[in-house]
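*Asks:* Could you look at this predicted model? Sequence included:
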Amino acid sequence: MSSTDTAAVPLAKDGAADSASVEAGLDALETVHAQRTPVAVVLRQKVLPPILGVVLVLALWQLAYSLELTTPDKLPSPADVWDSLSELWYAGTLFSIIWTSVWRGLSGFLLSVVIGTPIGLLVARVKPVRAALGPVLSGLQSLPSVAWVPAAIIWLGITNSAMYAVILLGAVPSIANGLISGIDQVPPIYLRAGQTLGATGLRGARHVLLPAALPGYLAGLKQGWAFSWRSLMAAELIASSPDLGLGLGRYLENQREFNEMSGVLLGIILILVVGVAIDLLVFSPVERRVLRSRGLLVTTR
């Protein structure tokens, strides 16, 4: 072996060692060690701030009442609103009122997802359809949901069908536009890779397009739920019939007609609580799971 060959062997070994160390470093950077967040940290960072916020609002509310900034018939105390809640509880109607609206809202939202998803796919992937329907969807999304209530009542009468029509007209455009936005952000290489592997047509939409567009689609679903809930409340405020039952919107309007401000505030609070609860119990966990699966929401050691 020549002196040149002898010198090349250590150099080759050093190069291999450097390459191995670089690869190990890259692997270490890509490897994320997830650990469960301690309960005390969750309570301090997630639970305590909202509780303090609620306490602050109640304190300011009670202060405004005590200072008599306005008359009690316009601004009742928190205790008066609590009494209205207790009346519904002891009358056994609290959960039936809430459930009437929640069932309508959730079922209308699910129906909106079934309708809005294929519309979003079609508009996002077919250029002539996008040119024709894209502006219409954007316009419908910006239209206040309450504007559809009189038309729905004339078309369908004061029935549950009118309620669902208002929900659909409010939520479907938001869901479709969210999916369109998500698809627009999918890198073209994903679609080409899927086509190479035989994922075309509906199979490509199911296995490539929808998973890649999931963050934007999820944002559209969250907005769609918000539109569903607001549309339903608008419909329940305006439409009144014994056949519709008593939902939160109708309860709120009844209290307004009776000039019971404590009941009006209670209705507003219940509507707010239900909307926030659905977001925290349904959409937030799904969003965290999606972000975590993509390495965007992790905790490190």
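*Replies:* Looks like it arrived, so ask away.
*Asks:* Now do the SS call for the closest residue in space to Gln255 that isn't next to it in sequence.
*Replies:* Distances taken as CB to CB, 6 or more residues apart in numbering place Gly263 nearest to Gln255, at 3.2 Å, with adjacent residues excluded. (C-beta placed from N, C-alpha, C; glycine too.) Three-state assignment for Gly263 (DSSP: H, G, I helix; E, B strand; the rest coil): helix.
*Asks:* For Leu69, give me phi and psi.
*Replies:* Here the main-chain torsion angles of Leu69 (degrees, to the nearest 10) amount to phi -70, psi -20.
*Asks:* my read: it touches Leu60, true?
*Replies:* No: assessed by CB atoms under 8 Å, Leu69 is found out of contact with Leu60, at 10.8 Å.
*Asks:* any low-confidence regions in this structure?
*Replies:* 1-37, 39, 42-43, 190-192, 194-195, 197-207, 295-301 (pLDDT under 70).
*Asks:* From the centroid of it, which residue is nearest?
*Replies:* The residue lying closest to the centre of the chain (CA atoms, centre = their mean) is Lys222, at 2.1 Å.
*Asks:* sorry, back to before: could you pull up the contacting residues of the residue nearest to Gln255?
*Replies:* Contact partners of Gly263, counting by CB atoms under 8 Å, 6 or more residues apart in numbering, are 84, 251-252, 254-255.
*Asks:* are any of these buried, and which?
*Replies:* 84, 251-252, 255 (16 or more other CB atoms under 10 Å).
*Asks:* could you redo those as JSON lines and give each row secondary structure and distance to Gly170?
*Replies:* Below are those laid out as JSON lines (DSSP: H, G, I helix; E, B strand; the rest coil; distance: CB to CB, whole Å):
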{"residue": "Ser84", "secondary structure": "helix", "distance to Gly170": "29"}
{"residue": "Tyr251", "secondary structure": "helix", "distance to Gly170": "21"}
{"residue": "Leu252", "secondary structure": "helix", "distance to Gly170": "18"}
{"residue": "Gln255", "secondary structure": "helix", "distance to Gly170": "24"}
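*Asks:* Would you mark the buried spots in stretch 268-286?
*Replies:* For stretch 268-286, by 16+ other CB under 10 Å, it's 270-271, 274-275, 278, 283.
*Asks:* if we can go back for a sec, can the contacts of Gly263 go into TSV with extra columns for distance to Leu244?
*Replies:* Shown next, in TSV, are the contacts of Gly263 (distance: CB to CB, whole Å):
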residue	distance to Leu244
Ser84	22
Tyr251	12
Leu252	14
Asn254	12
Gln255	17
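*Asks:* of those, closest to Glu287?
*Replies:* Taking CB to CB as the measure, Glu287 sits nearest to Leu252 out of the contacts of Gly263, at 29.6 Å.
*Asks:* Can you tell me the closest non-neighbouring residue to that closest one?
*Replies:* Nearest to Leu252 is Gly267, by CB to CB, 6+ apart, at 3.3 Å.
*Asks:* Distance check, that neighbour against Ala59.
*Replies:* As judged by CB to CB, to the nearest Å, Gly267 and Ala59 stand 22 Å apart.
*Asks:* So for the two, which residue has more residues nearby?
*Replies:* Neighbour totals were compared for Gly267 and Ala59, and Gly267 leads with 25 against 11 (other CB atoms under 10 Å).
*Asks:* Wait, the more buried one touches Leu248, no?
*Replies:* Yes: between Gly267 and Leu248 there is a contact under CB under 8 Å: 6.0 Å.
*Asks:* Tell me which residues of the lengthiest helix in the chain come out buried.
*Replies:* In the chain, assigned by DSSP state H, the helix with the most residues is helix 94-125. Within helix 94-125, the residues scored as buried using 16+ other CB under 10 Å are 94, 97-98, 100-102, 104-106, 108-109, 111-113, 116-117, 119-121, 123-124.
*Asks:* same deal with stretch 160-170?
*Replies:* Residues of stretch 160-170 classed as buried by neighbour count (16+ other CB under 10 Å): 160, 162-170.
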